[in-house]
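J.: Structure for the following, please:
(chains A, B and C, ligands or ions: 3)
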Amino acid sequence: MLLAIIIVVALFQGGYMNAKKKKLKTQFSEHESTESTEGGLFTGIAIHVNGYTKPTSEELKRLMQQHGGKFIQYYNKTDVTHIIATSLTTSKINRLTNQKIVKPEWITESIDANCLLPYQDYVLFKPKWQNNPSVKHSVEASANQSAAPPNTATAGNPKFLKEFYNNSRLHHISSWGSECKTYVRQLQAANSFPGREKLLEMERRDDDDHGAMTQCIMHVDMDCFFVSVGLIKRPHLRGKPVAVTHSKGKGREDARSEENVAYEMAHWQKKHGGNLGSKPALNSMAEIASCSYEARAAGVKNGMFFGQARDLCADLVPIPYDYDEYKRVSRILYDTIASFTHDIEAVSCDELLVDLTSLVNEVQMSPLRIASMMRSEIEQRSKCTASAGIGPNILLAKMATKRAKPNGQHCIPDLTAGQELLSDRPVKDLPGVGRSIATKMAALSIVTCGDLQKMALNILQEHFGPKIGKQVKDFAQGKDERSITSNKQRKSVSAEVNYGIRFKQEGEVLNFVHQLSDEVHSRLREVKMKGKTITLKLKVRSKGAPVETAKFLGHGICDSVNKSVSLPLATNNPEVIRREAMALVRQMNFPADDLRGIGIQVSRLESEIIADGGITRSILQFTSIRQNPSTEHPEEKPDSPPTSSLPPPTSSLPPLPFLPSQMNSSLPSPMPSVPIDLPSPSQIDPTFLAALPPDIRSEVESACIASHQSRQPAKSSKAFRLPQPKKNHSPGKSPSNCITTKSPGKTTNHRRGKNRSPAAKNAAALPTKRATAAKQLIYANTPKVNKVMRSTAVTQPAAEQQVNFCGAVSLAEVKALLNEWIRTTEALTMGSSENSASVDAFWYKEY
DNA sequence: ATCCTCCCCTAC
DNA sequence: TAAGGTAGGGGAGGAT
Ligand SMILES: Nc1ccn([C@H]2C[C@H](O)[C@@H](COP(=O)(O)OP(=O)(O)OP(=O)(O)O)O2)c(=O)n1
Ligand SMILES: [Mg+2]
Ligand SMILES: [Mg+2]
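T.: Numbers count the residues shown, from 1 in each chain, chains lettered A, B, ... in the order given. Ligands and ions are numbered 1, 2, ... in the order given. Sure thing, here's the model as predicted:
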């Protein structure tokens, strides 16, 4: 049968069809489509049926006409909105046009549901055997033959990052989480409360005059959020087990042709109404973002692999993501709650905390009644349900929500009730208690919160630390002192990708790091922050781990290795971030093809204060002014908005000893002597070094290297750190090797040396430390470093642009000079300077 | 004690 | 196929 298909396909590929089409087209040059008489379901939709279909073409034509759609007999690109086909085998126009190719079930099921269902659920699956070289009909297949080895789906492809982020649910919920926090602040600026006014107009009831709680917290969380949103457009799936996932219900296909043939046969058979009695276990490694409560009843959980979930729930229906819709509904949630009160804390895109205390007092209504109003408003506006929990504190409000779900609400009136409710619950239900802590607790025979209540505080603290021990004990008793805040300040900004990372050469790695740096930079700009620490986070295939991962392009079993640099001044300069990140990559020096994940994080943040008329001075100007005060006329620069992530046009400004953004500290310098850190070796402008007498230069270099080797706290009171008389061992710095393993539904990191009991840890960490120290040595040991610096220095600007260090002859003098320069510059400068950025770009070219 | 860095863990 | 991100809390252990 397969052979027959191939032959048919081969025929179609030839000129036969083209000729036929042309001929027909001339015959029916005008209106080939049939308009409907009754407007309806398919208004605006024009289908063209290709090949044989289960409901026949004639039947589909009739159905379309009956329900307000068009049926186009002879394909033309402009009129046809969807192509209907049962098998791609005969869909030869695939890829010659960008048209949607959809299964006929889209039509029939839409009619059954009396609702135009998303065509995305019915896009035709493309059997892999089409890529078999013996079947040369696929445009894509032949293109791929000659394509470069880097798979288009991997990070080597320039379009990868964007594509990945567009599809990553975790990226979306994470950035929405941040956005929600910002959005709350924005909402708080407004001053109208339609929701609250509605409450005020309502009649009071007997149950409204509750004794005033000292504090009343409500937690609201959408029920199976992604699924609920997905079901808006899929009413026919309500009541069924549904999961939002990238899987289309098929899972990974093995490349072996036999299986592909078997798959194709099954596919074919299915299309022809054959009932496949026993379905083999599905091996989709796509994660489930959210599943309906029907699916949960079968044991399916958020985060589970789809294949695994299908084993638990054979009729689990996969539906695709719709990020725009989640965002839309999330806004409805926030808008709705904010129409009642502004005492809100964003938890995530589908979840928030509300301090009801003052609202309850103002409207004199019971918290549950208020919750009820809010929830029905949410459902009415969004067509999605939310659940609400109410309690005297955040903890109990959250616990109440768990009890209330789905589509319900629950109030825990006081601590006693809370303690009662908690005593049965597994410790895992407490916020902050995850897999790791729960496991440790189980080992101590602590399973329920009741068990936890009975434990002595000091025992818990012994095992889990002072804070966690205390918190866990308090939580188990329903105690929680945290209050609701909408003004938390950001502490870090990062971008990382642990999927699709497959490189062959270091060039690809650097190129990707470049893209990530720009991403981080742009995120920093968004939040108007800059930071003093840049961390490169790598995942590296573990020794012995298979090169081919279980999940398609997943990270597999990895070691995570991080390394950071501490900058003397906070930066948000894309060039600085990029250079530092790249320097870190080079230092870590892992084989490109073993990388499985890359991330860049900026921390120790300060706010970027951009004032009007910020002033930038280069050290050249500064030193020349110092020598000749009469020339003082600091260059005034109107504040230029942060530059785009592309390097700005190069100008021939004099180079700076440090990178430009480092002059932009927002900290007013409080004292005459500003403590500064040494920049890392890569941060030093080569021209600066070149301008120094050789002996001082090498002193500066080694000081930089030493200081960054030993990773001193950046806030040291020492202005300049001399080479530390320290041994190689650099304590906090050893990147800890981890094995990332996938265990049921979760990724966990295990310390190689197993448990973190002090003794065991030291022993286990030792080899790692050594390896790291060795790497640092290679870097610090200078031939390399020096070479890089010298080679760059060769291309330094003309001599007259070099820094004259006012005759400084010692490191101490250089240090004093630099301190003065930085201090005075800090006082003057704000914002980023286009000129400094271009200097930066210049120097970077040499890298 | 308290701070720092480098992690691990948790949550969505 | 699949899209395993990201921010915050806090523990360990060294430096101060
Ligand atoms: N492992 C996870 C957990 C959550 N999410 C996404 C999808 C969820 O719909 C959304 C909200 O997470 P919740 O924890 O609130 O879970 P649900 O809303 O799906 O279900 P519940 O009714 O339990 O709140 O975040 C995800 O992508 N992956
Ligand atoms: Mg939810
Ligand atoms: Mg939630």
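J.: Now do the same for A:Lys563: helix, strand or coil?
T.: strand (DSSP: H, G, I helix; E, B strand; the rest coil).
J.: Who is it paired with across the strands?
T.: A:Leu536 (DSSP bridges).
J.: Can you tell me which helices and strands the host helix or strand of A:Ala371 packs against?
T.: For A:Ala371, the host element (DSSP states H and E) is helix A:367-382. Secondary-structure packing of helix A:367-382 (3 or more CB pairs under 8 Å, 6 or more residues apart in numbering; DSSP states H and E): helix A:194-201, strand A:217-222, helix A:323-338, helix A:357-363, strand A:386-391, strand A:409-411. From N, CA and C alone the C-beta is placed, and that goes for glycine too.
J.: for these, which one sits closest to A:His463?
T.: Judged by CB to CB, the one of the helices and strands packed on helix A:367-382 that comes nearest to A:His463 is strand A:386-391, at 27.6 Å.
J.: out of the helices and strands packed on helix A:367-382, nearest to A:Lys528?
T.: helix A:323-338 (21.9 Å).
J.: Show me which residues of the closest one are buried.
T.: A:323, A:325-326, A:329-338 (16 or more other CB atoms under 10 Å).
J.: could you measure A:Lys327 against A:Ser387, distance?
T.: 21 Å (CB to CB, to the nearest Å).
J.: Equivalent analysis for A:Val520, please.
T.: 36 Å.
J.: A:Asp112 now?
T.: 31 Å.
J.: what do you get for A:Arg331?
T.: Taking CB to CB, one finds A:Arg331 at 19 Å from A:Ser387.
J.: Nearest residue to A:Tyr326 in space, ignoring adjacent ones along the chain?
T.: A:Val229 (5.4 Å; CB to CB, 6 or more residues apart in numbering).
J.: For the stretch 51-200 of chain A, what lies in contact range of DNA strand C?
T.: A:125, A:151, A:153, A:163-165, A:167-171, A:173-175, A:177-178 (CB under 7 Å from any atom of the strand).
J.: and stretch A:372-386, which residues are buried?
T.: A:Met373, A:Met374, A:Arg375, A:Glu377, A:Ile378, A:Glu379, A:Ser382, A:Cys384, A:Thr385, A:Ala386.
J.: circling back: orientation of the helix holding A:Ala371 relative to strand A:217-222 in degrees?
T.: Angle, helix A:367-382 to strand A:217-222, by axes from the mean of the first three to the mean of the last three CA atoms, to 10 degrees: 30 degrees.
J.: any idea of the mean pLDDT for helix A:367-382?
T.: Mean pLDDT, helix A:367-382: 98.
J.: With just CA atoms, put it into PDB.
T.: Only the C-alpha atoms of helix A:367-382 are listed here, as PDB (Å, rounded to 0.1, in the frame of the first residue of the first chain):
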ATOM      1  CA  PRO A 367     -15.500  38.200  52.900                       C
ATOM      2  CA  LEU A 368     -17.100  35.200  51.300                       C
ATOM      3  CA  ARG A 369     -19.800  37.300  49.800                       C
ATOM      4  CA  ILE A 370     -17.200  39.700  48.400                       C
ATOM      5  CA  ALA A 371     -15.300  36.800  47.000                       C
ATOM      6  CA  SER A 372     -18.400  35.500  45.400                       C
ATOM      7  CA  MET A 373     -19.000  38.800  43.700                       C
ATOM      8  CA  MET A 374     -15.400  39.000  42.500                       C
ATOM      9  CA  ARG A 375     -15.400  35.500  41.200                       C
ATOM     10  CA  SER A 376     -18.700  35.800  39.300                       C
ATOM     11  CA  GLU A 377     -17.400  39.000  37.800                       C
ATOM     12  CA  ILE A 378     -14.300  37.300  36.700                       C
ATOM     13  CA  GLU A 379     -16.200  34.400  35.200                       C
ATOM     14  CA  GLN A 380     -18.600  36.700  33.400                       C
ATOM     15  CA  ARG A 381     -15.900  38.800  31.900                       C
ATOM     16  CA  SER A 382     -13.400  36.000  31.000                       C
END
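J.: neighbour-wise, which of A:Asp112 and A:Ser387 wins?
T.: A:Ser387 (22 against 11; other CB atoms under 10 Å).
J.: quick one, domains of chain A?
T.: Split into domains by the TED database, chain A comes to A:43-127, A:154-193+A:214-248+A:284-412, A:414-488, A:492-607.
J.: what residue ranges in chain A are flagged as low confidence?
T.: Where chain A drops to pLDDT under 70, the residues are A:1-39, A:88-98, A:125-151, A:210-212, A:252-281, A:610-847.
J.: List, one by one, the residues from it near ligand 3.
T.: A:Asp221, A:Asp350, A:Glu351 (CB under 5 Å from the ion).
J.: thinking again about what came up before, does the helix holding A:Ala371 reach ligand 2?
T.: No - remark: helix A:367-382 sits outside contact range of ligand 2, by CB under 5 Å from the ion, the gap being at least 12.2 Å.
J.: what sits up against that helix?
T.: A:195, A:198-199, A:205, A:207-208, A:210, A:213, A:216, A:218, A:220, A:329, A:332-333, A:335-337, A:339-340, A:356, A:359-360, A:363, A:384-388, A:390, A:409, A:411 (CB atoms under 8 Å, 6 or more residues apart in numbering).
J.: restrict the residues of the stretch 51-200 of chain A next to DNA strand C to those near ligand 2?
T.: Counting by CB under 5 Å from the ion, no member of those is near ligand 2.
J.: Put the buried members of those into a ChimeraX selection.
T.: A single ChimeraX command selects the buried members of those (16+ other CB under 10 Å):
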select /A:153,164,168,169,171,173,177,178
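J.: Now, the residues of the stretch 51-200 of chain A next to DNA strand C that are in helices?
T.: A:Glu163, A:Phe164, A:Tyr165, A:Asn167, A:Arg169, A:Leu170, A:His171, A:Ile173, A:Ser174, A:Ser175, A:Gly177, A:Ser178 (DSSP state H).
J.: The fourth one reaches A:Tyr321, doesn't it?
T.: Yes - using CB atoms under 8 Å, A:Asn167 and A:Tyr321 qualify as a contacting pair, with a distance of 7.5 Å.
J.: Could you pull out the residues contacting both of these two?
T.: With CB under 8 Å, 6+ apart as the test, A:Asn167 and A:Tyr321 both reach A:His246.
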